[in-house]
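Enquirer: the following comprises the amino acid sequence and a computationally predicted model.
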Amino acid sequence: MRHRNGWTLFSLLALVALILAACGAQPPSGAQPTQPAAAPTAGGKLEMFSWWTAGGEADGLNAMYDLYKQANPGVEVINATVAGGAGTNAKAVLSTRLTGGDPPDSFQLHAGLEVEKYEPQKYLQPLDDLYAAEGLETVFPRDLLTLLKYQDHYWGVPVNIHRANVMWYNKQIFADNNLTPPTTWEEFYAVGDALKARGIVPLVIGTKEGWEAGHTFETILISTLGADGYRGLWTGQTRWTDPKVTQALETFKKVMTYANTDYAALTWSDAAQYLVDGKGAMHIMGDWTDGWFTSKGYTGYGWAPVPGTRGVFDALSDSFAAAKGAPDQANLMAWLKLAASKEGQEAFNPKKGSICARTDCDPALFNPYLQSAMKDWSTDAIVPSVAHGAAAVEKWATVYKDILNTFATTGDVAAAQQALQQACVDNGVCK
């Protein structure tokens, strides 16, 4: 799973961090990396906070918990979860706990600029010594390491790589109607019209949790702007007033005319269930959907890149952070070591529907979709997902998602484009 240069381009995101640093106060100078513990204590607790509550996500996490409990039988593992895809609900609860002096030992964190939200110099433990002791800089891709570093420290241990720009489809519906997965948006419209004529919902989507519309739109931006143009939106090199952004909004507006009418009442997994039940033909969502399908015993699905995005890997990575003041340091460090290990990642990822962050996992352990993702990860152009914390700081990403969630209903292209440009200005990246 060696990547030729993919996440080197994530170094562009350093420009964002530099701009933000220039606009604000300098970080405190005394962040001291935490020394990794030699071994867990004989007892005590480990509280791990995440938003993985369903399907393959929960199955993967439980597989790692099982390994942890085998190695640390005297430790009580507290699985503190808050439901809500992409951490929509969990992040608010976590922020309250951190600022209120009641942190969990470890918590889920998207790799990238999302860490800025949690004021890491104040509330998190740097993990540089753990990286050195475990040799992690030799087993994670160089460009992923660049993404993980913020203010000159590592703040999380990555456990996986996900792909956001996947279009899942019901193979039976496509076969029954002599259709092939669309590779362009024009082909998508043609497929959608054919399905509509037969009374079949072409695209299933759920926007209930507020991030799903932004997720779908980022894939349309990639298809319209290309990898370099999309990356430039987050570094100031591409203006949000660009005509291609207008085109992307117009495309999304038309795409929504092929969607289920009850999208605002559904979560992403509710929409995926429509695919399972044969109530819809296509679903644009990240590859955690593969793990969710597997957990349901569903095998009737196919996959393809979102139209217009072949050759681009819209990437995100889940990591685990260490809270400053965590009460069970030895247990915490034992957990982070497991999360970083080959054993831990091989237990977690096949169930989760993701590929390892490490470069030495055994491909034979993964299903055909995930093996295809491994191949694409090694050859495609890599771009950062904004809906999942990689491309922009959390406050910018949140505004972006709110704008697109509103746009999914209103379809007001001019208002959405103006709001997206203003969000970039407000975050110090655009002028």
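Expert: Everything's here; your move. Note that the structure is a prediction, hence the values are computed from the model and not measured. Numbers count the residues shown, from 1 in each chain.
Enquirer: buried ones in the helix or strand hosting Lys375, by neighbour count?
Expert: Assigned by DSSP states H and E, Lys375 belongs to helix 368-379. Within helix 368-379, the residues scored as buried using 16 or more other Cβ atoms under 10 Å are Tyr369, Leu370, Ala373, Met374, Asp376, Trp377. Using the backbone N, CA and C atoms, a C-beta is placed for each residue, glycine as well.
Enquirer: quickly name whichever of those residues is closest to Thr219.
Expert: Distance to Thr219, by Cβ to Cβ, is smallest for Asp376 among these, at 14.3 Å.
Enquirer: please name the residues that touch the closest one.
Expert: By Cβ atoms under 8 Å, 6 or more residues apart in numbering, the contact set of Asp376 is Arg163, Phe313.
Enquirer: shift numbering so it begins at 331
Expert: Understood, numbering begins at 331; the last thing we discussed is Asp706.
Enquirer: check what pLDDT it gets.
Expert: On pLDDT, Asp706 comes in at 94.
Enquirer: please report how far it lies from Lys583.
Expert: 29 Å (Cβ to Cβ, to the nearest Å).
Enquirer: same question, Ala422
Expert: Separation of Ala422 from Lys583 (Cβ to Cβ): 30 Å.
Enquirer: ok, these two, which is more surrounded?
Expert: The residue with more neighbours, out of Ala422 and Lys583, is Lys583; 16 against 12, by other Cβ atoms under 10 Å.
Enquirer: give me every residue that touches the closest residue to Gly719 other than its chain neighbours.
Expert: Nearest non-adjacent residue to Gly719, counting by Cβ to Cβ, 6 or more residues apart in numbering: His440, 2.8 Å away. Applying Cβ under 8 Å, 6+ apart, we find His440 in contact with Gly417, Leu646, Ser647, Asp648, Ser649, His718, Gly719, Ala720.
Enquirer: swap in 7 Å and give it another go.
Expert: Contacts for His440 (Cβ atoms under 7 Å, 6 or more residues apart in numbering) come out as Leu646, Ser647, Asp648, His718, Gly719, Ala720.
Enquirer: just among those residues, which is most surrounded?
Expert: Counting by other Cβ under 10 Å, Asp648 has the largest number of neighbours within these, with 29 neighbours.
Enquirer: that one reaches Gln438, doesn't it?
Expert: Yes. Contact between Asp648 and Gln438 holds when scored by Cβ atoms under 7 Å: they sit 6.0 Å apart.
Enquirer: Thr571 and Lys731, how far apart?
Expert: 20 Å.
Enquirer: who's more crowded, those two?
Expert: A count of neighbours by other Cβ under 10 Å puts Lys731 above the other of Thr571 and Lys731, at 24 against 13.
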